[in-house]
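J.: here is my input; please provide its structure:
(chains A, B and C)
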Amino acid sequence: MKSRTRNYLAASASAATAASILAASSAQSAELTLCWAAWDPANALVELSKDFEAQSGHKMSFEFVPWPNFADRMLNELNSAGQLCDLMIGDSQWIGGSAESGHYVKLNDFFAAQGIDMADFIPATVTGYAEWPKGTPNYWALPAFGDVVGWTYRKDWFSRPDLQAEFQAKHGRALDAPKTLEELKQVAEFFQGREIDGKTVYGASIYTERGSEGITMGVTNALYNYGFQYGNPANPYELEGFVNSADAVAGLEFYKSLYDCCTPPGSSDWYMSENIDAYKSGQVAMQMNFAFIWPGVHADPNVGGDRSGYFPNPAGPNGHFAQLGGQGISVVSYSDNQEAALEYIKWFAQPAVQQRWWEMGGYSALRAVVEDPSFATSQPYAQTFLDSMAIVKDFWAEPAYASLLLAMQDRVHNYVVAGNGTAKEALDGLVQDWIEVFKDEGKL
Amino acid sequence: MSATSPTEPGARLKLVSGLLVGLYALITLLPLLWIIATGFKSSADAIAYPPKLVFEPTLEGYVNLFTTQTRQTPEMLAADPPTTWYERIVSEKGMVIAGPSRFGERFLNSIIIGFGSTFLSVFLGTLAAYAFSRYRVPLKDDLLFFILSTRMMPPIAVAIPIFLMFRTIGLSDTHAGMILLYTAVNLSLAVWLLKGFIDEIPREYEEAALIDGYSRFHAFVKVVLPQAATGIASTAIFCLIFAWNEYAFAVLLTSGTAQTAPPFIPTIIGVGGRDWPAVAAGATLFLLPVMVFTILLRKHLLRGITFGAVRK
Amino acid sequence: MPETVIERAAAATPAQIARPLRSLSDRALAWIFIAPTIFLLLAVNIFPLIWTIRLSFTNFRANRPNAEVQFVGLENYRRILTDPDVWATMQVTAHFLIATLVLQVVIGFALAWLINQKFRGNDLWTTIIVLPMMLSPAVVGNFWTFLYQPQIGLFNAAVSFFTGGDPAGFSMIGEVALAPWAIVIVDTWMWTPFVMLICLAGLRSIPQSIYEAAECDRASKWRQFVTITLPMVLPFLMLAVLFRGIENFKMFDLVVQLTGGGPGSTTELTSITLKREAFEKWRTGYASAYAIILFVAVFGISSIYVKALNKVKAR
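T.: Model prediction:
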């Protein structure tokens, strides 16, 4: 096993090896545990990290938890002052709480000493993954994995002449990747219940998951673009009329109508992996999902290669945004191996390692990588990734983010999936819930 | 009872009863058989429509269960062909094995915590049960009732203060913490069961030993323990099954070091999407010992479950 | 837990056999034997309970160890008892309890009665029926989500085989109307054998002589069933209901794996709400109050129930 890996690293002639400046002699060898979600990029990171192990003499060990349990498990770990994780690739919304409760080590001095400049990273990822409070130069993480909600579609189905003609006749435009949310719904309706190759297929799979963060990560893609705002731009905690504005209500109604008309039966509690399954098994024409899945889709034997295409979240009547995903990598303050953990971050921040990270399916947030002229054409989804990262918006990153998130999960899921009440009632209720949270926080 | 007894059920009634019970037993068994079968399916067969009853068995699920895999380019795969059977299985899907998965460790944790807490509960429980059985302990009944009533608390409710306590004294995510916790949860049950068994042992045996010059402790070890052996064993089985199956405490109080299999198995996930054969493989390895155990030890177990209700 | 109530209910106070302690060493030995158990139970059961009560009067949050903790009096209790969502989850829990108890009692008793006809091999079949209750609810519940998948799931395939419907036409854990039944079905599959075993013990405790006497009086089989079997098994049945009731009131692992409380809040049992408050929103003080309310409720209801049970037994 070991030798196979080394062969591979040698064969791939990783530039990272050559560029390495880390000396194994400088520190005692430690065993570092890195915690992250269990998903494709994490497995790629295991492979990538072998290079770090070889150079530093430290041993890497990994703790990966699937998304539906990730926040629960890891926040529990941090809140119990656990020493399991030396390095945490924590979700973007945790940054506020983790900074204020002292779970993460502040990295400003380290960045300054090592010459790591946040200006070298995509600005949205620095704001989203590293800063707290937002908009101030206080860094608690290094942007590690850029991610954003986008869409995948069955290019092979879209390009069938018979379907092309039928769609043209019906809607007066070509059957293509939709540019607006309305168009998306038309396309989804067009495919819903259609027989393709003897199988009934459905329009789109979208996020509906209730337990963790799923439906919120999905519905925001409609809400933002219809005009939902988290609060008054002048006064972030003034919610009334922004969270539940008429535009926001229209956005929520749109998401419900999409759920009602165009999703596979039984997709009432779906998140990333269920959407992938539905797409790969040929059930749906389009799927909403974070960009991390694209390398896997592209490589898939059934739907990969030319059979799939990618497009950013379509615009709505009042804006064009996409829900930010992605994570920064932080050093856990309870760790006994902080020195070695910082070494890892230093190694990881190198351009050569970041380049290799991208090649292995990890979305680098380093500008040198993504702004390289060859980047956009390096993979069929690279341009879509860039376009999507340009329009990102994130959920609250407040210390009380979990209470805010769970309230939104309940309100939205109850309306969209369970069909209780109206969109207006759901958002009015959400305003009440959030006001209560902020009152408990002493922010109102 | 003679065959001619008027209360003996008729042959036809017996046949019908047997058929109905047999049918129910088969329905009960079906989901369990399906778990075992799914563990030997390929990913494609596992999610086939309609569900496949006949399939070509593969060990793919078990390989996925025990390994972590990464996707690789075809060039890279060709440059470094697989050498073992399990590498071949992985390679056919365009992946390489990056390392072992965490399943082995979690399974081992289940064994350590399960047997550790069982040993401790039975050990402490036997001592306490003996004392409760043979001595007048002040407030005995009230004390026991109060201790037992805490088991009416939902485990999540109990977990709130335990979480804080473990955090304060550094027992979070440790084997010792979980062993202590499961011991405490099992102990009240163990004391009750064991007290019943020890009550049934005639006191005359010990008294004879005492007259022969044994000390009280000696008499306990030499006379009472051997007599109570069966009771101790069946108590141990109950404690072990509880600790083996427990989920709520484990999911809240453990993480990477001391996590047991029940919170881990549901989080097994493949590369891109849920890997049901691997989940089923993990579930099979975890559940099968209990099933076999239950069938082998059915006489003692079935008696134990209703022990309280039928206790004379 | 079960044994306590059985013990109480059985009302058969163990004969006071403890003889006067004559030697000091005996007394010392007794305390040495009991002390570790008492200590552990105090540390892991009683002390935390007291701590929970204390926390329930504060606004403490376990994820903000540095924040100032304020005493809020009965505010947490007021908020919980006036929150309609809390009452909604109580209702969901009550429906779950009633449905599972009725099904398990009916099926469990029927099975016990059939098994008591002493056909050949009843021992083996009994063991097979008992298997599910020995297994880890979390692991099994998780796999049931696979059996419940539309199209590819075994459950849907089986239902469509017998009804001729479309196996993709319904989703047991996805639909608001079906999800409450999805958890009831799995719980019944797992725990009917428990009720069955207790009923069986009840049936086997009835002396044959009573039936023989009834035969002599030419009482019909049905009459024997109504006047002998049912009344004699009733205390056992009531015990089974009590245990299952308490266990299902605490239900967490199985349902959290099956539905996580969804869709909507249709399967959100009280334990799931409690977990979200305590370990996701980290409102520790609030969750502590919630825990105390649940404890008082279950303790109160089961105490009343045990009284009723003792009356039945006394008859």
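J.: all contacts plus neighbour counts: C-alpha atoms, from now on.
T.: Fine.
J.: would you list every one of the helices in the stretch 201-315 of chain C?
T.: Assigned by DSSP state H, counting those that start in this stretch, the stretch 201-315 of chain C shows helices spanning C:208-216, C:221-224, C:230-249, C:253-258, C:270-279, C:284-314.
J.: the most far-flung residue of chain B relative to its centre in helix, strand or coil?
T.: Here the centre of chain B is the reference, and by CA atoms, centre = their mean the most remote residue is residue B:75, at 46.0 Å. Three-state call for residue B:75 (DSSP: H, G, I helix; E, B strand; the rest coil): helix.
J.: distance of it relative to chain C?
T.: 35 Å (CA to the nearest CA, to the nearest Å).
J.: what of residue A:393?
T.: For residue A:393, the distance to chain C - CA to the nearest CA - is 23 Å.
J.: follow-up on the earlier one: what pLDDT does the residue farthest from the centre of chain B get?
T.: Note on residue B:75: pLDDT of 74.
J.: what does chain B have sitting close to chain A?
T.: Listed as neighbours of chain A in chain B under the rule CA under 8 Å from any CA of the partner chain: B:68-72, B:76, B:80, B:97-99, B:163-164, B:167, B:172-173, B:251-252, B:255-257, B:267-274.
J.: run a quick neighbour tally on residue A:302.
T.: Neighbours of residue A:302 under the rule other CA atoms under 10 Å in any protein chain shown: 14.
J.: ok, and the closest non-adjacent residue to it?
T.: Among residues not flanking residue A:302 along the chain, residue A:280 sits closest, at 6.8 Å (CA to CA, 6 or more residues apart in numbering or on different chains).
J.: tally up the residues packed near the one you found, please.
T.: 19.
J.: ditto for residue C:183
T.: So residue C:183, with other CA under 10 Å, has 24 neighbours.
J.: surely it is within a helix?
T.: Yes: counting by three-state DSSP, residue C:183 is found in a helix.
J.: contacting residues for it?
T.: Residues near residue C:183 by CA atoms under 8 Å, 6 or more residues apart in numbering or on different chains: C:255, C:258-259, C:267.
J.: residue numbers of chain A in contact with chain B?
T.: Residues of chain A lying near chain B (CA under 8 Å from any CA): A:1, A:4-5, A:7-8, A:38-40, A:43-44, A:46-47, A:63, A:65-66, A:69, A:73, A:76-77, A:80-82, A:84, A:272-274, A:276-277, A:293, A:296, A:360.
J.: and residue A:19, what's its pLDDT?
T.: pLDDT for residue A:19: 34.
J.: contacts only, for residue A:291.
T.: Contacts of residue A:291 by CA under 8 Å, 6+ apart are A:147-150, A:385.
J.: got the contact list for stretch C:256-276?
T.: So stretch C:256-276 is contacted by A:210-211, A:268-269, A:410, A:413-415, A:417-418, B:154, B:156-157, B:266, C:86, C:89-90, C:92-93, C:138, C:141-142, C:144-145, C:173-176, C:179-180, C:183, C:249-252, C:255, C:282, C:287, C:290-291 (CA under 8 Å, 6+ apart).
J.: tell me the buried residues in stretch B:117-137?
T.: B:117-137 (16 or more other CA atoms under 10 Å in any protein chain shown).
J.: hmm, residue B:235 and residue B:119 touching each other?
T.: No: using CA atoms under 8 Å, residue B:119 makes no contact with residue B:235, being 10.4 Å away.
J.: tell me the spacing between residue C:246 and chain A.
T.: Distance from residue C:246 to chain A, by CA to the nearest CA: 25 Å.
J.: neighbours around the residue nearest to residue A:100 when sequence neighbours are not counted, how many?
T.: Excluding the flanking residues, the one nearest residue A:100 by CA to CA, 6+ apart is residue A:399, at 7.2 Å. Applying other CA under 10 Å, we find 20 residues neighbouring residue A:399.
J.: give me the element residue A:399 is part of.
T.: Of the helices and strands defined by DSSP states H and E, none includes residue A:399.
J.: kindly report the same for the one 4 residues further on.
T.: Taking DSSP H and E as the definition, one finds residue A:403 inside helix A:401-416.
J.: that helix close to chain C?
T.: Yes: using CA under 8 Å from any CA, helix A:401-416 reaches chain C at A:402-403, A:406, A:410, A:413-415.
J.: got a PyMOL select line for the buried ones in the residues you listed?
T.: In PyMOL, this line selects whichever of the residues of helix A:401-416 next to chain C come out buried by 16+ other CA under 10 Å:
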select buried, chain A and resi 402+403+406+410+413+414+415
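J.: distance of whatever residue of the stretch 51-200 of chain A ends up closest to chain B from chain C?
T.: As assessed by CA to the nearest CA, chain B sits closest to residue A:80 within the stretch 51-200 of chain A, at 5.3 Å. Separation of residue A:80 from chain C (CA to the nearest CA) stands at 8 Å.
J.: test my guess that that residue contacts residue B:171.
T.: No: with contact defined as CA under 8 Å, residue A:80 does not reach residue B:171; the gap is 9.7 Å.
J.: show me which of those two is the more surrounded one.
T.: residue A:80 (25 against 21).
J.: need the contact list for that one.
T.: Contacts for residue A:80 were tallied using CA under 8 Å, 6+ apart; they are B:163-164, B:167, B:172.
J.: swap in residue B:249?
T.: Contacts of residue B:249 (CA under 8 Å, 6+ apart): B:155-156, B:159.
J.: Throw the residues you listed into CSV and include pLDDT and neighbour count, thanks.
T.: Formatted as CSV, the contacts of residue B:249 follow (pLDDT from 0 to 100; neighbours: other CA atoms under 10 Å in any protein chain shown):
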residue, pLDDT, neighbour count
B:155, 89, 22
B:156, 91, 25
B:159, 92, 24
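J.: looking at those residues, spot the one nearest chain A.
T.: Closest to chain A, out of all of the contacts of residue B:249 and judged by CA to the nearest CA, is residue B:159, at 12.3 Å.
J.: what helix or strand does the nearest residue to the closest one once chain neighbours are set aside sit in?
T.: The spatial neighbour of residue B:159 that comes closest, neighbours along the chain excluded (CA to CA, 6+ apart), is residue B:249 at 6.4 Å. Using DSSP H and E, residue B:249 sits in helix B:248-253.
J.: ok, residue A:224 next?
T.: helix A:214-226.
J.: give me the contact list for that helix.
T.: A:149, A:181, A:206-209, A:247-252, A:254-255, A:270-272, A:288, A:313, A:315-323, A:405, A:408-409, A:412-413.
J.: name the residue closest to the centre of the chain, please.
T.: Since no chain was named, I'll use chain A. Centre-nearest of chain A using CA atoms, centre = their mean is residue A:325, 2.5 Å out.
J.: sorry, should have said chain C
T.: residue C:247 (1.8 Å).
J.: picking up where we left off before, TSV for the helices of the stretch 201-315 of chain C, including mean pLDDT and distance to residue A:335?
T.: Conversion of those to TSV gives the following (pLDDT from 0 to 100; distance: least, CA to CA, whole Å):
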stretch	mean pLDDT	distance to residue A:335
helix C:208-216	89	69
helix C:221-224	90	72
helix C:230-249	90	39
helix C:253-258	94	31
helix C:270-279	93	22
helix C:284-314	89	25
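J.: out of these, flag the one nearest residue C:187.
T.: Across these, residue C:187 has its closest neighbour in helix C:253-258 (7.8 Å, CA to CA).
J.: where do the domain boundaries of chain A fall?
T.: In the domain annotation for chain A, the residue ranges read A:2-147+A:325-393, A:149-323 (automatic domain parsing).
J.: and the stretch 201-315 of chain C, which residues reach chain B?
T.: C:201-202, C:208, C:211-212, C:215, C:236, C:239, C:246, C:249-253, C:257, C:271, C:274-275, C:278-279, C:284, C:287-288, C:291-292, C:294-295, C:298-299.
J.: in a strand, residue A:364, correct?
T.: No: under three-state DSSP, residue A:364 sits outside any strand and is assigned coil.
J.: ok so, going back, which of the contacts of residue C:183 sit farthest apart?
T.: Top of the distance list for these (CA to CA): C:258 and C:267, 9.5 Å.
J.: the more surrounded of the two?
T.: Comparing residue C:258 with residue C:267 by neighbour count (other CA under 10 Å), the higher total belongs to residue C:267, at 29 against 25.
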